[in-house]
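Asker: Curious how this folds, go ahead:
(chains A, B, C and D)
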There are 2 protein chains.
Amino acid sequence: MLSGPSAMDLSFRGLFDPSLDASATPIIHTSPPEQSLILCRPPKILEEGEMTEDNPEVYLESNDLWTQFHKYGTEMVITKSGRRLFPPLKARCTGMDRNAKYIFLMDIVTADDCRYKFHKSRWMVAGKADPEMPKRMSIHPDSPATGEQWMSKVVNFHKLKLTNNISDKHGFTILNSMHKYQPRFHIVKAHDILKLPFSTFRTYVFCETEFIAVTAYQNDKITQLKIDNNPFAKGFRETGNRRREKRHVFH
Amino acid sequence: MLSGPSAMDLSFRGLFDPSLDASATPIIHTSPPEQSLILCRPPKILEEGEMTEDNPEVYLESNDLWTQFHKYGTEMVITKSGRRLFPPLKARCTGMDRNAKYIFLMDIVTADDCRYKFHKSRWMVAGKADPEMPKRMSIHPDSPATGEQWMSKVVNFHKLKLTNNISDKHGFTILNSMHKYQPRFHIVKAHDILKLPFSTFRTYVFCETEFIAVTAYQNDKITQLKIDNNPFAKGFRETGNRRREKRHVFH
DNA sequence: GAGCTTCTCACCTAGGTGATAAAA
DNA sequence: CTTTTTATCACCTAGGTGAGAAGC
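Answerer: From the prediction side, this is the model:
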């Protein structure tokens, strides 16, 4: 039967941590997954009846856009107040047991142990990586849900935000500027979030989502791709109505 | 132990109904609560150490504003696309067992069996009530959570929307225009949403939140209170910058 | 007419963009 | 000096308001 809650349960779940903003993605702190299945390939079109049960596969949504960024070296801005990723991290699933329950998670881990600098229009290694903050695991808020439910929609982690503020209390993912990172998806077959630490993770990695964290964009090609594709940056497009009148000079 | 999901479980929970908009408040359909505790009184200030365990009390947040509206006869606009309530339905809790888990719910039920009309600046009975759609029960999305977690914050149902569209697929609450309704809060001590239909409800009713559903405001006093207090209506305040230039005439 | 509903509008709130200047 | 970070801005997206015209 379900046992009563304990301090351990709650700190693990992180779902109701009162120090966190209610609108933030629920978070947990986990040990590394016990078992990993690494995938990095283009989506496969499924034939009718090809669906196999309990062999979950994950496809990166809009991977063509991710690939355009990856070609130049994707950069993600991190700010004190938190910044979303662009392109957004979205996944589609197949191969789940339609009736079983799964928990969908993601995290962002260091891609290597280097510090980088952008020099002469190129990213170059600039020494050993700085110490990292403990990484957070983000549970998709719809978790747990059945395979049927996960497979019927695009799984979107748009609420996840990046920050360089090591004292962040919003539950954002804390990264080091000028360091390279790799987002990952995880699927756990589990009825209950409390059972997560004792469950087997399947991990899905898409190389084209690798990025370098920056406090200001370094590569103009990346800036232009962001402006051209992010709806919130429409004001900076050539076709936009942006008035380029003289700017107010700060004190 | 936790049993596998069934069609019955899922239709009851409604949490992952794919026909519903993902951003809408999760809904369930329930039978009437087995047991009700009716409360309607001003908030009480708790002394240190006065907290008793597992005797949950609920207080209406900003009940002074609700009372201002109630004095004139609160009206809530209902539209096809869905309209929020104003003032917002917010609650504070005390007296919960800090370590036990609770589910927080609300619904809106008919206040009487009358149809109303606004005639000569007064609400008057205008016959028997029309047939009602089955009422939805809204689970607060943080459910289930511990007493500690519920008591540490204001519980807000701002995502709930009202509609007169009987074919609504967003999970909004469907009401009849010109009929009187009463919102209610419910607290259930339960670890698991699946156990809800077999659990005992405590129900909390605040008379000052009673309202008549309308498609357009009838009482100018209510309109003015909405304009003066709802931030989204700031454009209609006298102090606002609203240009009252000539209006476009629709074809 | 009179009563009620629907649609579009200007005007807001709320918050996600890169540019830019200034600070570190 | 160079490099990186921070704060503020105009400009967007997204969506919640009542007003008012039009529809029923």
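Asker: where does chain A dip in pLDDT?
Answerer: Within chain A, the segments meeting pLDDT under 70 span A:1-52, A:240-251.
Asker: what about 50?
Answerer: Where chain A drops to pLDDT under 50, the residues are A:1-46, A:51-52, A:240, A:243-251.
Asker: give the contact list for residue A:75.
Answerer: Residues near residue A:75 by Cβ atoms under 8 Å, 6 or more residues apart in numbering or on different chains: A:211-214, A:217-219, A:222. Using the backbone N, CA and C atoms, a C-beta is placed for each residue, glycine as well.
Asker: Can you turn the buried part of these into a PyMOL selection?
Answerer: Buried subset of those, written as a PyMOL selection, criterion 16 or more other Cβ atoms under 10 Å in any protein chain shown:
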select buried, chain A and resi 211+212+213+214+218+219+222
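Asker: from the contacts of residue A:75, which two are the most distant?
Answerer: The most widely separated members of the contacts of residue A:75, counting by Cβ to Cβ, are A:213 and A:219 (13.5 Å).
Asker: partner residues bridging the residue in the stretch 51-200 of chain A that DNA strand C sits nearest to?
Answerer: DNA strand C sits closest to residue A:84 of the stretch 51-200 of chain A, with a gap of 3.9 Å, by Cβ to the nearest atom of the strand. Beta-bridge partners of residue A:84, counted by DSSP bridges, are residue A:161.
Asker: I'd say it and residue A:156 touch.
Answerer: No - using Cβ atoms under 8 Å, residue A:84 makes no contact with residue A:156, being 11.2 Å away.
Asker: quick one on the thing from earlier: I'd like the distance between the residue of the stretch 51-200 of chain A closest to DNA strand C and residue A:157.
Answerer: Residue A:84 sits 10 Å away from residue A:157, going by Cβ to Cβ, to the nearest Å.
Asker: okay, and the common contacts of the two?
Answerer: With contacts defined as Cβ under 8 Å, 6+ apart, no residue is shared by residue A:84 and residue A:157.
Asker: So the two - more neighbours on which side?
Answerer: In terms of neighbours (other Cβ atoms under 10 Å in any protein chain shown), residue A:157 is the more surrounded of residue A:84 and residue A:157; the figures are 20 against 16.
Asker: so that one touches residue A:89, yeah?
Answerer: Yes - using Cβ under 8 Å, residue A:157 is in contact with residue A:89, at 4.5 Å.
Asker: Share the number of residues neighbouring residue A:133, please.
Answerer: 14.
Asker: can you check residue A:103 too?
Answerer: That count, for residue A:103 with other Cβ under 10 Å as the rule, works out to 24.
Asker: For it, name its beta-bridge partners.
Answerer: On the basis of DSSP bridges, residue A:103 is bridged to residue A:188.
Asker: Please report how far residue A:96 lies from residue A:138.
Answerer: On the measure of Cβ to Cβ, residue A:96 and residue A:138 end up 20 Å apart.
Asker: ok, now residue A:208?
Answerer: Distance, residue A:208 to residue A:138, by Cβ to Cβ: 20 Å.
Asker: and what of residue A:156?
Answerer: For residue A:156, the distance to residue A:138 equals 12 Å [Cβ to Cβ].
Asker: and what of residue A:131?
Answerer: 22 Å.
Asker: For the two, work out which one has more neighbours and name it.
Answerer: Taking other Cβ under 10 Å, residue A:131 and residue A:138 do not tie; residue A:138 has more neighbours (24 against 5).
Asker: Contact partners for the residue nearest the centre of chain A?
Answerer: In chain A, the centroid-proximal residue (Cα atoms, centre = their mean) is residue A:183; its distance is 5.0 Å. Contact analysis of residue A:183 by Cβ under 8 Å, 6+ apart lists A:85, A:89, A:106-108, A:206, A:209-211.
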